[in-house]
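> From the sequence below, what's the structure:
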Amino acid sequence: MENVTIVEENDEIVEYASFLRDLDELHEELFIQRKYDKTLAPIYTKQQNLSYVRRFNVDIRLNFAKVIAIAEDTEKLGVLLEIIYVWEDPRLIWDPSKFNGINKIYANYKDLWIVENSMSETAMIVDFVADHRKPVKVFANGTVSFLHKFYAEIICKLELGHFPFDSQDCPIILTAMSYDYDEVTMTVDVTPIELKYASSGQWDVQKIYGSMDYYNYSSTRGNVSRF
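All right, here's what the predicted structure looks like:
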């Protein structure tokens, strides 16, 4: 039995070493040979062809939310958030059969182009993870998935006229104002969250939902995601 165990362990080591070699080759293909430039957005900008080239879409999904506190004097909501951003980058498509079946990798946040994820009406944002430690999922079909974990203080107009039975509506607003409306669109979704885990000791979360809105400010227009 001991010999069998040794053989199985050796097989595992060989397989893992082979996987790492394939992973190195895939990284070389995607980021070196193709001269991937993270400073260039994979957003189609040729105006004459926008009618039949679909707009670059960013799927924004609220994965988790936890109310920490509501400061009544400053009208701010302190909340822990996990938001998943998903988009497609055609430059990162590969054929898994050429890399022994690898169909997903974890790349570093600092090595990739990352979609803008601006939050409006926010007093403060504190990331949980430093940029150089943030993993990003990249799939063989070019889909990129980035999970952003952070603490935010949201500016929220409070209605305190029914204390201690106040009910507050505090939207979390995300925009992509750097991109032209004709070129970029957004969709929103909410992962089912047990509201008891989203609530704090003082405040009970009654509902979490997502919606899309449209803004037209001066010469700028675009989509707004709300949670």
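> quick one: low-confidence ranges for the chain?
1-9, 48-51, 159-166, 214-222 (pLDDT under 70).
> Give me the domain ranges for it.
Using automatic domain parsing, the domain ranges for the chain come out as 1-35, 42-226.
> looking at the ones you listed, which is buried most?
Sort these by mean neighbour count, taking mean count of other C-beta atoms under 10 Å, and domain 42-226 sits at the top with a mean of 15. To be clear about C-beta, it is placed using only N, CA and C from the backbone, and glycine gets the same treatment.
> And that one, how far out from the chain middle?
The chain centre lies 6 Å from the centre of domain 42-226; the measure is C-alpha atoms, centre = their mean, to the nearest Å.
> all strands for this structure, in order.
With DSSP state E as the criterion, the chain has strands at 56-71, 76-93, 104-108, 118-120, 122-127, 135-139, 141-155, 173-175, 184-190, 211-217, 220-226.
> out of these, nearest to Lys35?
strand 76-93 (9.5 Å; C-beta to C-beta).
> Each with direction, which strands does that closest one pair with?
strand 56-71 (antiparallel), strand 141-155 (antiparallel) (DSSP bridges).
> quick one on the thing from earlier: relative to Gln33, which of the strands of the chain is closest?
Across the strands of the chain, the minimum distance to Gln33, taken as C-beta to C-beta, is reached by strand 76-93, at 11.6 Å.
> quick one, that closest one and strand 104-108 angle?
On the basis of axes from the mean of the first three to the mean of the last three C-alpha atoms, to 10 degrees, strand 76-93 is oriented at 120 degrees to strand 104-108.
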